[in-house]
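Chemist: when you get a sec, could you give me coordinates for this:
(chains A and B)
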Amino acid sequence: AQSVTQPDIHITVSEGASLELRCNYSYGATPYLFWYVQSPGQGLQLLLKYFSGDTLVQGIKGFEAEFKRSQSSFNLRKPSVHWSDAAEYFCAVVWANSGYSTLTFGKGTMLLVSP
Amino acid sequence: DTGVSQNPRHKITKRGQNVTFRCDPISEHNRLYWYRQTLGQGPEFLTYFQNEAQLEKSRLLSDRFSAERPKGSFSTLEIQRTEQGDSAMYLCASSLSGHQETQYFGPGTRLLVL
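Modeler: Below you'll find the predicted structure:
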């Protein structure tokens, strides 16, 4: 079965430091890629998405992600983290063989921001 | 665009009872998805509708679960004879089908089965 891996269960970053959250997906026909963020007890908010074209995509709240087909990765980055970024981050993928419909999610990475 | 809404936000029930959740999608969206999220996990797909037609169901959706979208607008998810293992966050998402489809999520309904 196709899968999405987020290798870091939780990450702690100092406020103002840079951030990179990793996401890898199993091989499949051209995927569409998403990052969502979830605050405690809340639903998922879309941060950014990649369909095609420029492999570096910009999202909301100063986040960006880079698609690397050779590494089957779609890592999320932010140059300077704010305390309000503390939340859980989910990478999600749809593949052509699902009709680009059903999302497959990673298990998430919990981001903690220290003062 | 008022976003996806879900009701109730929280539900506590006793084992064996039936529960029903409602999802109202973004008004112009023709697709509606249900996902389940347990503690420490990412959301897992349950089922989805295009207009009123239920197009796909996950093997996670046991016979005790049923979903409807009778008029192609709001949807309900019913769980019969709830079990403690049904305790989870139930998330609804909606989208507009077609090229570069993007799903937008509601706030979820958190279910606790005692």
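Chemist: going by C-alpha atoms from here, please, whenever you check contacts or count neighbours.
Modeler: Noted.
Chemist: residues in contact with residue 63?
Modeler: All of this refers to chain A. Taking Cα atoms under 8 Å, 6 or more residues apart in numbering or on different chains, we find A:F63 in contact with A:47-48, A:76-78.
Chemist: just give the nearest non-adjacent residue to the closest residue to chain B within chain A, would you?
Modeler: Closest contact between chain A and chain B, by Cα to the nearest Cα, is at A:G43 (3.9 Å). Of all residues not flanking A:G43 in the chain, B:P107 sits nearest, at 3.9 Å (Cα to Cα, 6 or more residues apart in numbering or on different chains).
Chemist: look up phi and psi at the one you found.
Modeler: Main-chain torsions, B:P107, degrees, to the nearest 10: phi -80, psi -10.
Chemist: check what pLDDT it gets.
Modeler: On pLDDT, B:P107 comes in at 96.
Chemist: and it, what does it touch?
Modeler: Each residue near B:P107 by Cα under 8 Å, 6+ apart is listed here: A:42-44, B:4-6, B:9, B:91-92.
Chemist: now B:G85
Modeler: B:V113.
Chemist: SS state for it?
Modeler: helix (DSSP: H, G, I helix; E, B strand; the rest coil).
Chemist: distance of it relative to A:T5?
Modeler: Distance from B:G85 to A:T5, counting by Cα to Cα, to the nearest Å: 24 Å.
Chemist: for the one residue sitting closest to the centre of chain B, list each beta-bridge partner.
Modeler: Closest to where the C-alpha atoms of chain B average out (Cα atoms, centre = their mean) is B:W34, at 3.3 Å. Beta-bridge partners recorded for B:W34 (DSSP bridges): B:T47, B:C92.
Chemist: that one touches B:S95, doesn't it?
Modeler: No. Contact criterion Cα atoms under 8 Å: B:W34 and B:S95 do not qualify, at 11.8 Å.
Chemist: quick check: the residue of chain B nearest chain A.
Modeler: Closest to chain A within chain B is B:P107: 3.9 Å, counting by Cα to the nearest Cα.
Chemist: the bottom helix or strand of chain B by mean pLDDT?
Modeler: strand B:53-57 (a mean of 94; mean pLDDT, DSSP states H and E).
Chemist: ok, and what's touching the next helix or strand after it?
Modeler: Next helix or strand after strand B:53-57 toward the C-terminus (DSSP states H and E): strand B:65-68. Contact partners of strand B:65-68, identified using Cα under 8 Å, 6+ apart, comprise B:47, B:52, B:54, B:75-80.
Chemist: could I get the buried residue list for strand B:65-68?
Modeler: B:65, B:67-68 (16 or more other Cα atoms under 10 Å in any protein chain shown).
Chemist: the least confident helix or strand of chain B near chain A at all?
Modeler: No. Judged by Cα under 8 Å from any Cα of the partner chain, strand B:53-57 and chain A are separated, with a smallest distance of 9.0 Å.
Chemist: ok, that strand: who's next to it in the sheet?
Modeler: Paired strands of strand B:53-57, defined by DSSP bridges, are strand B:44-50 (antiparallel).
Chemist: put the alpha carbons of the partner strand into CSV.
Modeler: The C-alpha trace of strand B:44-50 is given here as CSV (Å, rounded to 0.1, in the frame of the first residue of the first chain):
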residue,chain,number,x,y,z
GLU,B,44,-7.6,7.9,8.0
PHE,B,45,-10.0,8.0,5.1
LEU,B,46,-13.5,6.5,5.7
THR,B,47,-15.7,7.4,2.8
TYR,B,48,-16.5,10.1,0.3
PHE,B,49,-19.4,11.4,-1.8
GLN,B,50,-19.7,13.2,-5.0
